[in-house]
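Colleague: using only what follows, build the 3D model:
(2 chains)
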Amino acid sequence: MRNQTVKAAVLVAGALLLAACGTNKEETGAGGGNQACDQSKGTLVIGVIAPQSGGLSALGLGIKNSAQLAADQANEKCAVKGYKLQVQTEDDQATAQVGAQAATRLSSNANVVGVIGTLNSSVAQSVQPILKGKNILMVSPANTAPSLTRGGEYATAPKRDFENYFRVCATDDLQGPFAAKYLVGKAGKKNIAIITDGKTYGEGLAAEFKKQAEKDGAKIAATAKVGERDTDFSTVITSIKGANPDAVYYGGEYPQAGPLSKQMKDAGLNVPVMGGDGIFDQKFIDLGGKEGDLATSVGAPTETLPSAKAFIDAYKAKGFKDDYSAYGAFSYDAANVIIASLGKTLGDAGTWGEDKRADLIKNTQDYSAQGATGEVKFDKYGDSTNKLLTVYKVTAGKWAADETGTFGG
Amino acid sequence: MATLLQQLINGLVLGGLIALIALGYTMVYGIIQLINFAHGEVFMVGGFASLATYSYFIPESWRSDWWVALPLMALGGALVAVILAVIMERFAYRPLRNAPRLAPLITALGVSVVLKEAVRLFYPGATAPVPFPRVFVDEQYTFEIFDGTITIGSTAILMIAVSVIGAVVLQTYITKSRMGRAMRATAQDPDTARLMGVNPNRTIVLTFVIGAALAGIAGVLYGIQITNVDTEVGFLYGIFAFTAAVLGGVGSIKGAVIGGFAIGLIKSLAGQYFPGGTQYDLVWIFVLLIVVLVFRPQGLFGEPERVRA
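Modeller: Numbers count the residues shown, from 1 in each chain, chains lettered A, B, ... in the order given. Take a look at the predicted model:
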């Protein structure tokens, strides 16, 4: 009997261990690589920190695959002389604390030249200081919180705290007002309710939206927050329903926003939901996003950009299982920023070492090229100079581009 | 006023779901004093199993008739949940029945993690929330009252109805039937019950089976109400249901149901009226739990713990 118990315990422990390994497994790229290239000096690693599991994995997998695509292409073209490039993906589970662990793991590897990530602004907050400690280059395809580059007082006294941090997408202080202009001006909604998920991204975006919407003459009828783990939003919906809003602006991401839109309709509140890039994914519609719901996202629609066509074709040719998603093209650009700057830093005969990190960051700052999302270039805070934004609308079960422009333009 | 009524309805719907799951906690605890932390995952697995029944086993021509599809899904969900519970009981809990109480408790936590990760890894697309079809009358009824309107969906009515009927049937079964008497006898004193000709193993397995079947049905109802399932919900609703069972008094059927409805109501009322809104509604649930446990450690309808000879 006793023996059996021990056996069972060992079995369970074993299974647990296996499960644990499953979640933490590090996926390394196939590399591929043309053997014609000189790769005698070894392998350099580009880290990716993005959600590979959980609600936001659709976006995270697109980021990973697109970075892999850029690395594979670089290996074929011998973009970095003497080295083979490899992508190492760490799952941050969209959680700041797990992201910090991932960053620590990557930063302990001297061969990690740069990190692409993160998806979530809240995760970036905890990753930034860790990578800065080792002076590791970080290029985010998706962080939109303005404070990441320009500090907490970004509107009045911008200050760059992280010289190693860059991003290739537009920020919420442009995205929120852009959405407000559309919703109040073009769609004519004057009595808007705001719901947020209470996270860095959602709160920031909604605050910027609110400022502009009020300036344009709309009334914020009600504000509410959903709990992070909630799946049943009936309480929140009831609490805003009394104010009879004609639209709801949601600061947050699609795993909550999709069901929220559906449950609003169930509760008799059949008005459009608008959100930011966090809800711009097909999953939003699968999970209940309804016709007429709106989202803003960074950049022009990937499908319509001539510069993106090569990226999409190459992505499809690779046969990845997952869609490139909202941030694929940005991730591809971010990877190319790192690769090109690395190539420039090492030149024809350079050898990678800790002393090269400062040069790499400097070369990234000076980087300028035409990427899949348009011009890729950074201002003095590390923000992208590409301020293009697009409003999308759910039409016949798909996101369709409605209006592209820049805020104020 | 309309808002208050609507929040009460929201609370009852959520409470019905929690009560269905809480019944499983309370029955298992009543009979072997085990807090089966994996029970929330059984509920989650039930949801996924019914979705699988819908996607892979029900032919497309049957799907539009909910009176065909929904019972089949409930059957599929409950069946998988039951099989899982029987396996769980046989291999994880029975070997530990005479071990110190902490051992099965930790095992239950382990089983919970294993189940959650297994579904996440092996169910296609389950790394993210999976859309769930609304296989029922998709109808919302709106009433004009006083200063506004209240809306209740047909799935919400179904949820409340099933949980109340389920609890009544269960209560009757346990108080009136022969097997029910065997369960109560085993709960009171397993050794004496065995001397009186009750097969304790069979009785305990049956308890797990009933609890799991209810959790499986709860999984289907959750799916059609919320219209998606996620591997995370097992843990979340497991905690709600566990709290409901403790609040009502573990071991008491009536307590689990009332505890479930109490938690549902507090969650929706706190979300509307208490400081912090829905982001802090969990705080109030656990404040209530602490207050009740301070004054009535055995819960609202529980019996004070007897010391066994």
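Colleague: any weak-confidence spans in the stretch 1-150 of chain A?
Modeller: Where the stretch 1-150 of chain A drops to pLDDT under 70, the residues are A:1-36.
Colleague: in stretch A:374-386, what's buried?
Modeller: Buried residues in stretch A:374-386, counted by 16 or more other Cβ atoms under 10 Å in any protein chain shown: A:374, A:376, A:377, A:378, A:381, A:382, A:383, A:384, A:386. C-betas here are computed from N, CA, C, even on glycine.
Colleague: so the first one versus residue A:302, what's the distance?
Modeller: Residue A:374 is 10 Å from residue A:302, where distance means Cβ to Cβ, to the nearest Å.
Colleague: ok, the last one next?
Modeller: Between residue A:386 and residue A:302 the computed distance is 13 Å (Cβ to Cβ).
Colleague: quick check: neighbours shared by the two?
Modeller: Counting by Cβ atoms under 8 Å, 6 or more residues apart in numbering or on different chains, the shared contacts of residue A:386 and residue A:302 are residue A:373.
Colleague: partners of the helix or strand that contains residue A:377 in the sheet?
Modeller: Following DSSP states H and E, one finds residue A:377 within strand A:374-377. In the sheet, strand A:374-377 lines up against strand A:368-371 (antiparallel) (DSSP bridges).
Colleague: what comes into contact with the strand it pairs with?
Modeller: Under Cβ under 8 Å, 6+ apart, the answer for strand A:368-371 is A:168, A:307, A:329, A:332, A:333, A:336, A:337, A:340, A:375, A:376, A:377.
Colleague: same thing with stretch B:182-189?
Modeller: B:27, B:30-31, B:174, B:192-193, B:196, B:198-200, B:203-204, B:206-207, B:251, B:308.
Colleague: report the contact partners of the residue in the stretch 251-400 of chain A that chain B sits nearest to.
Modeller: In the stretch 251-400 of chain A, the residue that lies nearest chain B is residue A:268 (3.7 Å; Cβ to the nearest Cβ). Taking Cβ under 8 Å, 6+ apart, we find residue A:268 in contact with A:241, B:140, B:142, B:149, B:151.
Colleague: show me what contacts the nearest residue to residue A:291 once chain neighbours are set aside?
Modeller: Residue nearest to residue A:291 in three dimensions, not counting chain neighbours: residue A:394, with 5.5 Å by Cβ to Cβ, 6 or more residues apart in numbering or on different chains. Residues counted as contacts of residue A:394 (Cβ under 8 Å, 6+ apart) are A:285, A:289, A:290, A:291, A:292, A:293, A:294, A:400.
Colleague: how does it look with 10 Å?
Modeller: Residues in contact with residue A:394 (Cβ atoms under 10 Å, 6 or more residues apart in numbering or on different chains) are A:261, A:272-273, A:284-285, A:289-295, A:400.
Colleague: restricting to C-alpha, output stretch B:283-293 in PDB.
Modeller: Output of stretch B:283-293 as PDB, limited to C-alpha atoms (Å, rounded to 0.1, in the frame of the first residue of the first chain):
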ATOM      1  CA  VAL B 283     -12.500  41.400  -2.100                       C
ATOM      2  CA  TRP B 284     -16.100  41.600  -0.900                       C
ATOM      3  CA  ILE B 285     -16.700  38.000  -1.500                       C
ATOM      4  CA  PHE B 286     -13.800  37.000   0.700                       C
ATOM      5  CA  VAL B 287     -14.600  39.700   3.300                       C
ATOM      6  CA  LEU B 288     -18.000  38.000   3.700                       C
ATOM      7  CA  LEU B 289     -16.400  34.600   3.900                       C
ATOM      8  CA  ILE B 290     -14.100  35.700   6.700                       C
ATOM      9  CA  VAL B 291     -16.900  37.400   8.600                       C
ATOM     10  CA  VAL B 292     -19.000  34.300   8.400                       C
ATOM     11  CA  LEU B 293     -16.200  32.000   9.400                       C
END
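Colleague: flag every buried residue along that stretch.
Modeller: Buried residues in stretch B:283-293, counting neighbours by 16+ other Cβ under 10 Å, are found at B:284, B:285, B:288, B:289, B:292.
Colleague: now, which of those residues lie within helices?
Modeller: The helices, defined by DSSP state H, take in B:284, B:285, B:288, B:289, B:292 from these.
Colleague: closest to residue B:17 among those?
Modeller: Using Cβ to Cβ, residue B:285 is the member of those that sits closest to residue B:17, with 14.4 Å.
Colleague: quick check: pLDDT value at that closest one.
Modeller: In this model, residue B:285 is scored at 91, pLDDT.
Colleague: name the element residue 180 belongs to?
Modeller: Let's take chain A. Using DSSP H and E, residue A:180 falls in helix A:172-180.
Colleague: chain B is the one I meant
Modeller: Assigned by DSSP H and E, residue B:180 falls within helix B:178-188.
Colleague: and after that helix, which helix or strand comes next?
Modeller: Helix B:178-188 is succeeded, C-terminally, by helix B:190-195 (DSSP H and E).
Colleague: the next helix or strand after that next one near chain A anywhere?
Modeller: The helix or strand immediately downstream of helix B:190-195 is helix B:200-226, counting by DSSP H and E. Yes: Helix B:200-226 lies within reach of chain A by Cβ under 10 Å from any Cβ of the partner chain, at B:222, B:225, B:226.
Colleague: buried set for helix B:200-226?
Modeller: B:200, B:203-226.
Colleague: can you get me a residue count around the closest residue to residue A:163 other than its chain neighbours?
Modeller: Ranked by Cβ to Cβ, 6+ apart and with sequence neighbours excluded, the top spatial neighbour of residue A:163 is residue A:361, at 6.1 Å. By other Cβ atoms under 10 Å in any protein chain shown, 21 other residues sit near residue A:361.
Colleague: does residue A:361 touch residue A:134 like I think?
Modeller: No: in this structure residue A:361 lies outside contact range of residue A:134 using Cβ atoms under 10 Å: 11.7 Å.
Colleague: re earlier: find residues that contact each of residue A:374 and residue A:302.
Modeller: With Cβ under 10 Å, 6+ apart as the test, residue A:374 and residue A:302 both reach A:308, A:329.
Colleague: circling back: what helices and strands are in contact with the helix holding residue A:180?
Modeller: Here helix A:172-180 touches helix A:147-150, helix A:200-215, strand A:247-251, strand A:273-275, strand A:294-298, strand A:388-395, strand A:398-406, going by 3 or more Cβ pairs under 10 Å, 6 or more residues apart in numbering or on different chains; DSSP states H and E.
Colleague: and it, how far out from the chain's middle?
Modeller: 17 Å (Cα atoms, centre = their mean, to the nearest Å).
Colleague: rewinding a little: return the subset of the contacts of residue A:268 lying in strands.
Modeller: With strands taken from DSSP state E, the overlap with the contacts of residue A:268 comprises B:140, B:142, B:149, B:151.
Colleague: the chain: helices as residue ranges?
Modeller: Because you didn't say which chain, this covers chain A. A:2-24, A:57-77, A:96-107, A:121-133, A:147-150, A:172-180, A:200-215, A:234-241, A:254-266, A:282-286, A:306-318, A:328-346, A:357-365.
Colleague: nope, chain B please
Modeller: All helices of chain B, identified by DSSP H, fall at B:2-32, B:39-52, B:66-88, B:102-122, B:154-176, B:178-188, B:190-195, B:200-226, B:233-248, B:253-273, B:281-295.
Colleague: just the ones you listed: most buried one?
Modeller: Highest mean neighbour count of the helices of chain B: helix B:39-52, a mean of 29 (counted as mean count of other Cβ atoms under 10 Å in any protein chain shown).
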